[in-house]
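**Student:** Predicted model and sequence follow; I will ask about them next.
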Amino acid sequence: MDDDLAVALARVRDVFARYPRRAVLDGCPHCKGDVLVDEHDLFSLTISLGNTVGSRDDVKSLLPVFLESLVVSEDLYPGIILGKLPREEWRTWPQDEQEAIDAYLDAVWRSLLAHHPPRLGAFEDAATFLDAARAAGERVERFLDVWDATPTSSADRHLAEMVSRVDFLKRKPSLLGDWLRREAVRDRLHRAFERDHDSAWADDLARAYDLLRR
């Protein structure tokens, strides 16, 4: 785990420590009843927490373990976890709580771009992260700007991978598609190919460049 991400996670734990974690959560009396919190079975809890089980304070108390699990294992789904945030109106939370989550998202994104393939548990690629960020109610432009400002080989490989995933024949407007179609992205992929032309991933860069030229 990158140092910046470790610091961000420590900040999340520190900020949300004010919400005691309960061993048993109150569930809907008609469908769930009381629910035992078991960190070895977090997935089933992520589905119901904040809906039929627990309160907003319970969501906050468990957020540190959820966010850490996302980057160290593949057991949870980022979109489900981060999708709880807008439902709990996280942009109305105390400022330090919002800042801790923002710092976590930024650190995850930078760590993901720093490695290809990524080493971030459930965040298996750039598309997974951006989808989860949308689920959190965040504007993806914030993260695309960081991508623009990260001209590394690993970030370029993520870029080529993203180009290969997008269906450019769809007529429906797409913010990501428009961002990828920019001349700046084509030029970046061309420079990346020239730099890494003798690498194992040179063909991926070339294919992505050709897709954007069509």
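**Tutor:** Perfect, I can see it now.

**Student:** The closest residue in space to Y77 that isn't next to it in sequence: neighbour count?
**Tutor:** Nearest residue to Y77, sequence neighbours excluded (CB to CB, 6 or more residues apart in numbering): A122, at 6.6 Å. Quick note: C-beta positions are derived from backbone N, CA and C, even for glycine. A122 has 20 neighbours, counted by other CB atoms under 10 Å.

**Student:** One more: R195?
**Tutor:** 14.

**Student:** Identify the structural domains in this structure and state their residue ranges.
**Tutor:** Per automatic domain parsing, the structural domains of the chain span 1-149, 151-214.

**Student:** Throw those into CSV and include mean pLDDT, thanks.
**Tutor:** Listed next are the domains of the chain as CSV, based on pLDDT from 0 to 100:
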stretch, mean pLDDT
domain 1-149, 86
domain 151-214, 90
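
**Student:** where along this structure do the strands fall?
**Tutor:** 24-25, 35-36 (DSSP state E).

**Student:** I'd like to know which elements the lengthiest helix in the chain is packed against.
**Tutor:** Longest helix in the chain, counting residues (DSSP state H): helix 95-113. Secondary-structure packing of helix 95-113 (3 or more CB pairs under 8 Å, 6 or more residues apart in numbering; DSSP states H and E): helix 3-15, helix 56-72, helix 126-135, helix 141-148, helix 153-165.

**Student:** Could you tell me which residues within the third one count as buried?
**Tutor:** In terms of neighbour count (16 or more other CB atoms under 10 Å), helix 126-135 has its buried residues at 126, 128-130, 132-135.

**Student:** same deal with the second one?
**Tutor:** The neighbour-count criterion (16+ other CB under 10 Å) identifies 58-71 as the buried residues of helix 56-72.

**Student:** again with the first one
**Tutor:** Residues of helix 3-15 classed as buried by neighbour count (16+ other CB under 10 Å): 5, 8-9, 11-12, 15.

**Student:** And the residue nearest the centre of the chain?
**Tutor:** Centroid check for the chain by CA atoms, centre = their mean gives F129 as the closest residue, at 3.1 Å.

**Student:** any idea how far T152 is from it?
**Tutor:** Separation of F129 from T152 (CB to CB, to the nearest Å): 16 Å.

**Student:** among the helices and strands packed on helix 95-113, which is nearest L211?
**Tutor:** Closest approach to L211 among the helices and strands packed on helix 95-113 (CB to CB): helix 153-165, 5.5 Å.

**Student:** Check the offset of the closest one from the chain's centre.
**Tutor:** Relative to the centre of its chain, helix 153-165 is centred 16 Å away, using CA atoms, centre = their mean, to the nearest Å.

**Student:** Now L63. Nearest residue, chain neighbours left out?
**Tutor:** Per CB to CB, 6+ apart, closest to L63 is F16, 5.4 Å.

**Student:** Is there a neighbour count for T92? I'd like the number.
**Tutor:** 8.

**Student:** and it, what is it in contact with?
**Tutor:** Not one residue lies near T92 by CB atoms under 8 Å, 6 or more residues apart in numbering.
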